[in-house]
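Visitor: I need the structure of the sequence given here:
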Amino acid sequence: MTRGHEGKTAVISGAAAGIGQAAAVRLAGEGARVVIADRDNADETLGLIESAGGKAIAVRCDVSNPASVSTLKEAVERNGGRCDVLVNNAGIYPMQPFDEITFEDWRRVLSVNLDSMFLMTKALTAGMRGRGWGRIINIASDTVNLMVPNLVHYISSKAGVIGFTRSLATEFGERGVTVNTIAPGLTRTPGTLNQKIPGGVSNEELFDRMANTQSIKRSEVATDLVGAVSFLASDDAAFITGQTLYVNGGLTRST
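Guide: Numbers count the residues shown, from 1 in each chain. Take a look at the predicted model:
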């Protein structure tokens with residue numbers, strides 16, 4: 001494995017498991033010092049990184065809470081003092097029919113999935129702009145282009161992520177900071193495997209249905225996404241910004 005991120009510090013939200021964990025392990029394996037920001041225990045991710053000789057710290061953080069994000073910023077400053085790569089990955093995806101979604105449900109999903117990206121970016125990117133180099137990678141979802149039921153709040157939040165990315169890229173481009181989105185398909189993670197699906201559909205049945213509509217007919221796993229994360233975090237992606245990269249086995253063939 002190359003060491004293309006040597007000397008960089010990457011802050012990754014929601015990296016205790018799933019896609020965030022896979023991204024953290026990949027970037028650490030390529031030389032980055034990783035800061036795991038998660039409200040859950042991240043010992044498993046730390047163990048995977050450290051057993052492979054990588055460097056990481058974990059900070060308990062509710063990325064939808066301004067005070068908690070401020071505490072994260074202080075921890076980053078104490079432990080290296082900079083953020084070169086920010087991966088805004090944390091998110092929730094409760095499946096609920098629209099008639100069952102309360103305003104509190106709506107606000108919780110928007111807060112975790114979209115407000116968090118504002119808070120994290122606001123807190124951690126001043127140094128990037130000052131140094132004239134930085135990478136922001138926001139995780140959205142290919143559901144923004146699909147007619148998927150029971151996810152109105154989730155899909156709305158992820159559409160907002162794409163808009164946030166495009167607008168921010170315009171503002172940050174002259175300061176050497178790129179801002180891009182990765183939109184995964186349905187990915188096998190502990191969270192999605194335990195998701196309660198309305199209508200009595202099993203998780204495995206849903207995975208099979210999605211795989212059969214893709215060009216690559218197998219379920220997506222978290223490691224399918226980390227190559228895209230690594231590339232967008234690299235110098236090779238210096239002239240790519242404001243883009244949404246769909247990593248979903250060919251489910252989304254055009255936009």
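Visitor: so what pLDDT did Val148 get?
Guide: Listed pLDDT for Val148 reads 89.
Visitor: try Arg253
Guide: 61.
Visitor: roughly how far does Trp106 sit from Gln96?
Guide: 10 Å (CB to CB, to the nearest Å). (C-beta placed from N, C-alpha, C; glycine too.)
Visitor: so those two - more neighbours on which side?
Guide: Gln96 (19 against 16; other CB atoms under 10 Å).
Visitor: contacting residues for the more buried one?
Guide: Going by CB atoms under 8 Å, 6 or more residues apart in numbering, Gln96 touches Asp105, Asn150, His153, Pro198.
Visitor: just the ones of those in helices?
Guide: Asp105, His153 (DSSP state H).
Visitor: most neighbours among the contacts of Gln96, which one is it?
Guide: His153 (21 neighbours).
Visitor: how far away is it from Ile197?
Guide: As judged by CB to CB, His153 and Ile197 stand 16 Å apart.
Visitor: Ile92 too?
Guide: 15 Å.
Visitor: quick check: end-to-end length of stretch 100-116?
Guide: For stretch 100-116, the separation between the terminal residues is 24 Å (CA to CA, to the nearest Å).
Visitor: any buried residues in it, and which?
Guide: Ile101, Trp106, Val109, Leu110, Ser111, Val112, Asn113, Leu114, Asp115, Ser116 (16 or more other CB atoms under 10 Å).
Visitor: next one: it to chain centre, how far?
Guide: The chain centroid and the centroid of stretch 100-116 are separated by 17 Å, computed with CA atoms, centre = their mean, to the nearest Å.
Visitor: what does it rub up against?
Guide: 13, 63-64, 69, 88, 90-94, 96, 152-154, 156-158, 160-161, 164.
Visitor: where's the closest residue to Asn65 other than its chain neighbours, which helix or strand?
Guide: In this structure, Asn65 finds its nearest non-sequential neighbour in Leu119, 8.0 Å apart by CB to CB, 6 or more residues apart in numbering. Counting by DSSP states H and E, the element that carries Leu119 is helix 116-124.
Visitor: please apply the same query to Asn212.
Guide: Asn212 is part of helix 203-213, with elements assigned from DSSP H and E.
Visitor: show me what that helix is packed against.
Guide: Helices and strands touching helix 203-213, by 3 or more CB pairs under 8 Å, 6 or more residues apart in numbering; DSSP states H and E: there are none.
Visitor: try it again at 10 Å.
Guide: For helix 203-213, the elements it packs on are strand 187-188, helix 190-193, strand 220-221, judged by 3 or more CB pairs under 10 Å, 6 or more residues apart in numbering; DSSP states H and E.
Visitor: spatially central residue in the chain, please.
Guide: Asn89 (2.0 Å; CA atoms, centre = their mean).
Visitor: wait, it sits on Ala10?
Guide: No. Using CB atoms under 10 Å, Asn89 makes no contact with Ala10, being 11.0 Å away.
Visitor: which neighbours do the two have in common?
Guide: Counting by CB atoms under 10 Å, 6 or more residues apart in numbering, the common neighbours of Asn89 and Ala10 are Ala23, Ala24, Ile137, Val229.
Visitor: next up, the contacts around the residue lying closest to the second one once chain neighbours are set aside.
Guide: Going back to what we said before, that points to Ala24. Nearest residue to Ala24, sequence neighbours excluded (CB to CB, 6+ apart): Ala15, at 4.3 Å. Counting by CB under 10 Å, 6+ apart, Ala15 touches 21-25, 27, 34-38, 40, 42, 45-46, 49, 56, 58, 87, 89-90.
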